[in-house]
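**Student:** Have a look; sequence and predicted model below, questions after that.
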Amino acid sequence: MTTSPAGADLWIGTSWKMNKTRSEANDYVAALLAADPPPSGVTGFILPPHTVLAEVAGRLAGSAWSVGTQNANWRPEGAGTGEVSMRMVRDAGASIVEIGHSERRAEYGDTDQAVQRKVRAALEESMTPLLCVGESAEVRSGGGQDRFIAEQVASALELVDADRRSEVVIAYEPIWAIGEHGTPAEPEQIAPVVRVIAETVAEQGARILYGGSVTLQNASELLQIPGVGGLFVGRTAWDPAGLLALIDLAASTR
């Protein structure tokens, strides 16, 4: 069964992106296992690179931590040099699949059609799709973010039966706010878009996370935005101490 996004838990997690060797990954996991687990009301997750997915998932098996992957192909198997399938990452221990990150869309050819197929394929393999959506600075400056995001969400869910759309977790990550040189978004910029996402999936429901220059200083404020059900964090959580501190902050808001 997939992990349902329904319920009261706040989701706090991170993608390691193209970082961490096996040794570094094992040190990170050791720090998580040595600390208190995420408390009731908070779901903690990490998305390591494929090279350490099975090892990380194996070490965290049976713990309170969820493990996912940053990408997978929609095809079940076959020709696909350099790719890994949904079936393969599930076999390696993933329960979550990140899909549609802006880097994947812009640099690696993840079209809207590819995103649709990946969302459906993840569900077919009993994993939770973590769908990333977000507008560029140009779209934002032109005031078109609401329409852009509504269309992006609707397109990504096009191949998913209505009764399964609530299993998709949606991460709103404005492109202009993410990365080392991103401009942190203010709550008044985030809240209207989160509302648009919620309205787009109103009949089915979905958990909505926020990601984009999340820090220990702004996390509590971000979690107070109506409709935000958690945080998808980058470099602040690349150190386990950062992730654990964010988990504690989330727990204090429950």
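**Tutor:** It's in. Numbers count the residues shown, from 1 in each chain.
**Student:** residue ranges with poor pLDDT in this protein?
**Tutor:** Across the chain, the ranges flagged by pLDDT under 70 are 1-8.
**Student:** where along it do the helices fall?
**Tutor:** For the chain, applying DSSP state H gives helices covering 22-34, 50-60, 86-91, 102-107, 112-124, 137-141, 145-156, 187-200, 219-223, 240-253.
**Student:** wait, what's in contact with the residue nearest to residue 198 when sequence neighbours are not counted?
**Tutor:** Spatial nearest neighbour of residue 198, excluding adjacent residues (Cβ to Cβ, 6 or more residues apart in numbering): residue 227 at 5.0 Å. All C-beta atoms are positioned from the backbone trio N, CA, C, and that covers glycine. Contacts of residue 227 were listed using Cβ atoms under 8 Å, 6 or more residues apart in numbering, and they are 191, 194-195, 197-198, 208.
**Student:** ok, now residue 165?
**Tutor:** Residues in contact with residue 165 (Cβ under 8 Å, 6+ apart) are 157, 201, 204-206.
**Student:** now do 6 Å
**Tutor:** By Cβ atoms under 6 Å, 6 or more residues apart in numbering, the contact list for residue 165 reads 157, 204.
**Student:** for the one 10 residues further on, same thing?
**Tutor:** Residue 175 sits next to 102, 134, 136 when contact means Cβ under 6 Å, 6+ apart.
**Student:** By neighbours, which of those residues wins?
**Tutor:** With neighbours taken as other Cβ atoms under 10 Å, the top of the contacts of residue 175 is residue 134, carrying 25 neighbours.
**Student:** measure that one to residue 39 for me?
**Tutor:** Distance of residue 134 to residue 39, computed by Cβ to Cβ, to the nearest Å: 29 Å.
**Student:** rewinding a little: can I have the buried ones of the contacts of residue 227 as a PyMOL selection?
**Tutor:** The buried residues among the contacts of residue 227 can be selected in PyMOL (16 or more other Cβ atoms under 10 Å) with this line:
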select buried, resi 191+194+197+198+208
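**Student:** What count of nearby residues applies to residue 107?
**Tutor:** Neighbour count of residue 107, defined by other Cβ under 10 Å: 9.
**Student:** quick one: the spatially most central residue of the chain from residue 200, how far?
**Tutor:** The C-alpha lying nearest the average C-alpha coordinate of the chain belongs to residue 130 (Cα atoms, centre = their mean; 4.5 Å). Using Cβ to Cβ, residue 130 is found at 17 Å from residue 200.
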